[in-house]
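S.K.: build the 3D model from these lines:
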Amino acid sequence: MLQTKGLLNQIKHHDSLPITVNQNCAIPLPDAIWPKLLQPHKLAYYYLVFVDQGLETFQVDGRLVTIADSQVIFGKPNQIFAHPAPDKATQQYKIGFDEQTLALLPQTYPFLVDPLQTNIIRFEPHAKARVKAVLAMLFQLLHSPGKPTKAHIILAYLNALLTELNSAYFEHQEQPAPANPRLAKYVAFTLIVEKQLTEQHDVHTIAEQLAMTPNSLYGVVKEFSGFSPKEWITNRLMQEAQRRLYYSASSVKELAYELGFTDPAYFSRLFRKRTGKTIRDFLADEHGLSNN
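M.R.: Just a heads-up that it's a prediction; the model follows:
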C-alpha cells in the first residue's frame, strides 16, 4: 500500500506551505502518483473533497461512502482512504494540507478529529455558497500566474474555510452546537485519547484531566457516541488495529505491543469480539478485496 508520507510536498501548490487545492482536477497530478491514489492508501495529511454538483464514492477505512451536492468528505492522517472511480462530470474541489500548515492557523477545528464518527459534512445553501467561494479563491490564489501569493493570505482563507466546515459539521449531525459544554467535554475526551492513542488509558485519569467525575464523563461520552468511555477507547483501538493490519507487515504480537497491549492473546480475542473476525480472517478478506 502507498505510504503518503512526504507525498504532499511532491504535489503541493505553494512554494512554502504544504497545501494543495484543485478544481475539477484542472491541475494534473504526476503520472506516477495519480493511479496509486485511486487505490487504498494511508493518509499522512488532511484531505477534503467538496462536491458542488454530482456524486462521488470513496473508500474510508474499508467502507464505501458516497457524497452528493453540497457535501464534503474528509480524511485525516492515518486513515485508509481511496477514490476508486472518480466521475469526470462531477463539479468538485479537493484540498490537502498537513499538520505543519494547520499549526500556523489561529485556532483549533475539532471536526478534524471526527468526534461524532462521520466523515461527511452537509451544508445549507448559504453556507455552501460561502464554502464554494472560499475554495474558489484559494484555487485562484494558488494557481494564478506570477509571484506566489504570500503565505499569510493563503492561511487566512484556509482559516475561513475550516471555520465554516467546523460549524457545519456539528450543526448537521443532530447534535447540540459546539458551544454546548457537554459536547465540548466530549470533544476534549476524544482529543486526549487521540493524542496518546497507544497508551493504556485510565478513565479515572482522563476524567480528572477534564475536571469531571468518572460518572459525569460516562454520561457525556454515552450521550454523544452511544458507548461508555472504556468501550469508545477500545473501539478506537480496534479501528486503529484494522488500519495497521491493512498497511503493515507486523505480526499479531508486534501489533499488540504497538497498540499498548501487553497480552497478544487478549488483543486477538478482543479484536474478534469487536470486529466479528479473527485477525487471520480479516487479513484474508482484505487481501481478497485488494486483488479484485
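
S.K.: list the buried residues in stretch 201-220.
M.R.: His201, Val203, Ile206, Ala207, Leu210, Met212, Leu217, Tyr218, Val220 (16 or more other Cβ atoms under 10 Å). For every residue, glycine as well, the C-beta is placed using N, CA and C.

S.K.: also stretch 264-271?
M.R.: Neighbour-count burial for stretch 264-271 flags Pro264, Phe267, Ser268, Leu270, Phe271 (criterion: 16+ other Cβ under 10 Å).

S.K.: ok, stretch 147-166 next?
M.R.: 149, 154-155, 157-166.

S.K.: next one: it to chain centre, how far?
M.R.: Distance, stretch centre to chain centre, for stretch 147-166: 19 Å (Cα atoms, centre = their mean, to the nearest Å).

S.K.: give me the contact list for that stretch.
M.R.: 14-17, 19, 48, 72, 74, 95, 97, 101, 104-107, 109-112, 121, 127, 130-131, 134-135, 137-138, 141-142, 178 (Cβ atoms under 8 Å, 6 or more residues apart in numbering).

S.K.: narrow those residues to those that are buried.
M.R.: Among the contacts of stretch 147-166, those classed as buried by 16+ other Cβ under 10 Å are 14, 17, 19, 48, 72, 74, 95, 97, 101, 109-112, 121, 127, 130-131, 134-135, 137-138, 141-142, 178.

S.K.: residue nearest the centroid of this structure?
M.R.: Nearest to the geometric centre of the chain sits Lys76, at 2.6 Å (Cα atoms, centre = their mean).

S.K.: now do the phi/psi pair for the spatially closest residue to it that is not a sequence neighbour.
M.R.: Of all residues not flanking Lys76 in the chain, Tyr46 sits nearest, at 5.6 Å (Cβ to Cβ, 6 or more residues apart in numbering). With angles defined as degrees, to the nearest 10, Tyr46 sits at phi -80, psi 140.

S.K.: give the burial count for Tyr46, as a bare number.
M.R.: Residues lying near Tyr46 (other Cβ atoms under 10 Å) number 22.

S.K.: contacts only, for it.
M.R.: Taking Cβ under 8 Å, 6+ apart, one finds Phe74, Gly75, Lys76, Pro77, Gly96, Phe97, Asp98, Leu102, Leu112 in contact with Tyr46.

S.K.: if you set the cut-off to 10 Å instead, what comes out?
M.R.: Tyr46 sits next to 8, 19, 74-77, 79, 95-99, 101-102, 109, 112, 162 when contact means Cβ atoms under 10 Å, 6 or more residues apart in numbering.

S.K.: now swap in Ser16 and tell me
M.R.: Shown in contact with Ser16 (Cβ under 10 Å, 6+ apart): Thr101, Pro148, Lys150, Ala151, Ile154.

S.K.: distance from the strand or helix carrying the first one to the middle of the chain?
M.R.: This means Thr101. For Thr101, the host element (DSSP states H and E) is helix 99-102. Averaging C-alpha positions (Cα atoms, centre = their mean) puts helix 99-102 14 Å from its chain's average.

S.K.: what's the answer for stretch 90-106, then?
M.R.: 12 Å.

S.K.: first-to-last residue distance for it?
M.R.: 33 Å (Cα to Cα, to the nearest Å).

S.K.: pLDDT on it, on average?
M.R.: Averaging pLDDT along stretch 90-106 gives 90.

S.K.: now the strands for the stretch 101-250 of the chain?
M.R.: All strands of the stretch 101-250 of the chain, identified by DSSP state E, counting those that start in this stretch, fall at 120-122.

S.K.: quick one: buried residues of stretch 88-101?
M.R.: Using 16+ other Cβ under 10 Å as the test for burial, stretch 88-101 gives Thr90, Gln92, Tyr93, Lys94, Ile95, Gly96, Phe97, Asp98, Thr101.

S.K.: burial measure for the closest residue to the fourth one other than its chain neighbours, as a count.
M.R.: What that stands for is Lys94. Residue nearest to Lys94 in three dimensions, not counting chain neighbours: Asn22, with 4.6 Å by Cβ to Cβ, 6+ apart. Counted with other Cβ under 10 Å, the neighbours of Asn22 add up to 21.

S.K.: with that, I have no additional questions.
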